[in-house]
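Enquirer: Got a predicted structure plus its sequence, pasted below:
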2 protein chains.
Amino acid sequence: MPSESELSDEFGVSRATLRTVLAKLAVNGLILRKQGDGTYINARVRDINAHLGNLWEFARIIETNGYKPTIRTLAIERKPASDMEAVSLGIEAGDELLSLTRLFYADEQPVILAKNVIPIPFFREPIEQIDGQLHIREILGRYCSQKIAFAITDIRSALISEDVSTIFEKEMNQTILELQVAFYSNQNIPLALGSNYFDDKTLRLSLVQAWS
Amino acid sequence: MPSESELSDEFGVSRATLRTVLAKLAVNGLILRKQGDGTYINARVRDINAHLGNLWEFARIIETNGYKPTIRTLAIERKPASDMEAVSLGIEAGDELLSLTRLFYADEQPVILAKNVIPIPFFREPIEQIDGQLHIREILGRYCSQKIAFAITDIRSALISEDVSTIFEKEMNQTILELQVAFYSNQNIPLALGSNYFDDKTLRLSLVQAWS
DNA sequence: AAGTGGTCTAGACCACGAC
DNA sequence: TCGTGGTCTAGACCACTTA
């Protein structure tokens, strides 16, 4: 790649500004930087699916695995919060939640079952109009005026449960990945929870870490 | 937290320098920054185990799960590269590898079985002297003069295999996490591979992602 | 020796939130 | 309105690689 000076000239910005951009590419390992040498594009990382800034963009993960992603909304409904959900969300058990169940397909094969819950009080608009194709980040933004600042994910292995095995058309005794996510605002308020069942026999879940 | 100006005064550095430090804390979600308001410490994230810059510091993960970590070296030996290893490492099948098998304990309970392989030609020192307590990064640094620039990890679920179930003292039919890692230099040269079997019933594997 | 990225400075203005 | 973080500039020097 061209040097920092050349690039900053080309784009008409200062070198400091350009460096902040390059730094963001570097933490994802998309470019490799060598002092005294130059900057190189990392082809190996370019084709990896989850860069852990977009771990929850399932459609993108499916796509980079080489499949055509489609999303089917299985259910949008109200339901009371369970004890565990209430604790995680900092609300009372029994408080109303919006529950959103969606199924992601890789080509025609169902591969990710995604269940999300959002406390009803966050909604500023009637929940009947929700577009099931949207990412949680967009749903929280559009309908709740909330912005996700960070997310904490627990990754577990599990035996496929009966309902999931039916949906995925897999035999029991198969294992899957369970991704339990909690999304928070920059006020540190829990905004939403996600329970995701990931068919890791069909899709690769790859993460990239880079060090400076 | 004090404002950027106060902190830069206190430490006697420019505000730009201070901001690069704060930015690193922010990508791990350790601090939350609000324009027009201030910077806040994120207590929720502080106690999480894997910040994905240190996903492979297993001892640290065990520690933040509330256990005392200990490492036992099961084997340090030479062995020929399998076909798959050869492809991943960009060498010929049959080329010699150093194979390092280690077992991580949480208190007295074995929880992570870590197998690593490094091509023998990388070593600049006799391999008999390797300290089994070291992190791969340190082993590659000290004995091979190689620095890890980035790593790609595949996360999978699996049924516990017979040997692992014996080591972990678990019943068969249990599931575990399989973490397949490849480490690369900033020349994009594969340096080492890791196959890690992670008892996710005992340890929580948590990841944090933060957005600006 | 020349060119690269890494670090740092001392300013400036803007967007935003709280008061 | 004031103070915050977000963005940006135009320079400087250093550490390092390559030739």
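Expert: Nice, I can see it.
Enquirer: close to chain B, is the one helix or strand residue A:7 maps to?
Expert: Assigned by DSSP states H and E, residue A:7 belongs to helix A:4-11. No - using Cβ under 8 Å from any Cβ of the partner chain, helix A:4-11 never reaches chain B; the gap is at least 15.6 Å. (Glycine included, C-beta is placed from N, CA and C.)
Enquirer: So which residues of chain A form strands?
Expert: When assigned using DSSP state E, the strands of chain A occupy the ranges A:31-34, A:38-41, A:69-80, A:96-106, A:109-119, A:150-159, A:175-184, A:190-198, A:205-210.
Enquirer: Hmm, residue A:27 is touching residue A:210, no?
Expert: Yes - the pair residue A:27 and residue A:210 qualifies as a contact (Cβ atoms under 8 Å) at a distance of 5.8 Å.
Enquirer: Compare those two and say which is more crowded by neighbours.
Expert: It is residue A:210, of residue A:27 and residue A:210, that has more neighbours when counted by other Cβ atoms under 10 Å in any protein chain shown, with 24 against 21.
Enquirer: can you tell me which residue is nearest the centre of chain A?
Expert: residue A:56 (0.9 Å; Cα atoms, centre = their mean).
Enquirer: pretty sure it contacts residue A:136?
Expert: Yes - in this structure, residue A:56 sits in contact with residue A:136. The criterion is Cβ under 8 Å, and the distance is 7.1 Å.
Enquirer: quick one: common contacting residues for those two?
Expert: Counting by Cβ atoms under 8 Å, 6 or more residues apart in numbering or on different chains, the contacts common to residue A:56 and residue A:136 are residue A:194.
Enquirer: need the contact list for the closest residue to chain B within chain A.
Expert: Of chain A, the residue with the smallest distance to chain B, taken as Cβ to the nearest Cβ, is residue A:157 at 3.4 Å. When the contact criterion is Cβ under 8 Å, 6+ apart, the partners of residue A:157 are A:175, A:176, A:177, A:178, B:157, B:158, B:175, B:176, B:177, B:200.
Enquirer: domain parsing for chain A?
Expert: Per the record, chain A has its domains at A:4-46, A:50-208, by automatic domain parsing.
Enquirer: Any idea which of the ones you listed gets closest to DNA strand D?
Expert: Each of the domains of chain A has some distance to DNA strand D by Cβ to the nearest atom of the strand; the shortest is domain A:4-46, at 2.4 Å.
Enquirer: quick check: mean pLDDT across the closest one?
Expert: The average pLDDT within domain A:4-46 is 90.
Enquirer: Equivalent analysis for stretch A:83-103, please.
Expert: Mean predicted confidence for stretch A:83-103 is 96.
Enquirer: send the alpha carbons of that stretch over as CSV?
Expert: The C-alpha atoms that make up stretch A:83-103 are tabulated as CSV, following Å, rounded to 0.1, in the frame of the first residue of the first chain:
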residue,chain,number,x,y,z
ASP,A,83,-36.6,-14.6,36.4
MET,A,84,-33.3,-14.8,34.6
GLU,A,85,-34.3,-12.4,31.9
ALA,A,86,-35.5,-9.9,34.5
VAL,A,87,-32.1,-10.1,36.3
SER,A,88,-30.1,-9.7,33.1
LEU,A,89,-32.3,-6.7,32.0
GLY,A,90,-32.5,-5.1,35.4
ILE,A,91,-36.3,-5.2,35.5
GLU,A,92,-39.0,-7.1,37.4
ALA,A,93,-39.9,-10.7,36.6
GLY,A,94,-43.2,-10.6,34.8
ASP,A,95,-42.6,-7.3,33.1
GLU,A,96,-43.5,-7.3,29.5
LEU,A,97,-41.0,-8.1,26.8
LEU,A,98,-41.1,-8.0,23.0
SER,A,99,-40.0,-11.4,21.9
LEU,A,100,-38.6,-11.7,18.3
THR,A,101,-37.8,-15.1,16.9
ARG,A,102,-36.1,-15.4,13.6
LEU,A,103,-34.5,-18.1,11.5
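Enquirer: Identify all contacting residues around it.
Expert: By Cβ under 8 Å, 6+ apart, the surrounding residues in contact with stretch A:83-103 are A:71-82, A:110, A:112-120, A:123, A:127, A:130, A:132, A:139, A:167, A:182, A:189-190, A:193.
Enquirer: residues of that stretch that come out buried?
Expert: When burial is assessed from 16 or more other Cβ atoms under 10 Å in any protein chain shown, stretch A:83-103 yields the following buried residues: A:85, A:86, A:88, A:89, A:91, A:97, A:98, A:99, A:100, A:101, A:102, A:103.
Enquirer: Looking at the residues you listed, which two lie furthest apart in space?
Expert: With distances taken as Cβ to Cβ, the most widely separated pair in the buried residues of stretch A:83-103 is A:91 and A:103, at 26.9 Å.
Enquirer: on that earlier part again, contacts only, for the residue nearest to the centre of chain A.
Expert: Taking Cβ under 8 Å, 6+ apart as the definition, contacts of residue A:56 comprise A:135, A:136, A:151, A:181, A:194.
Enquirer: quick one: contacts for the fourth one?
Expert: This points to residue A:181. Counted by Cβ under 8 Å, 6+ apart, residue A:181 has contacts A:56, A:151, A:152, A:153, A:154, A:193, A:194, A:195, A:196.
Enquirer: How about the last one?
Expert: Remark: with contacts taken as Cβ under 8 Å, 6+ apart, residue A:194 is in contact with A:56, A:114, A:115, A:116, A:136, A:179, A:180, A:181, A:182, A:183.
Enquirer: neighbour-wise, which of those residues leads?
Expert: The member of those that has the most neighbours, counting by other Cβ under 10 Å, is residue A:183 with 24 neighbours.
Enquirer: ok, the closest residue to residue A:181 other than its chain neighbours to residue B:201 distance?
Expert: Sequence neighbours aside, residue A:194 is the residue nearest to residue A:181 in space, at 4.0 Å (criterion: Cβ to Cβ, 6 or more residues apart in numbering or on different chains). Plainly put, residue A:194 is 21 Å away from residue B:201 if you go by Cβ to Cβ, to the nearest Å.
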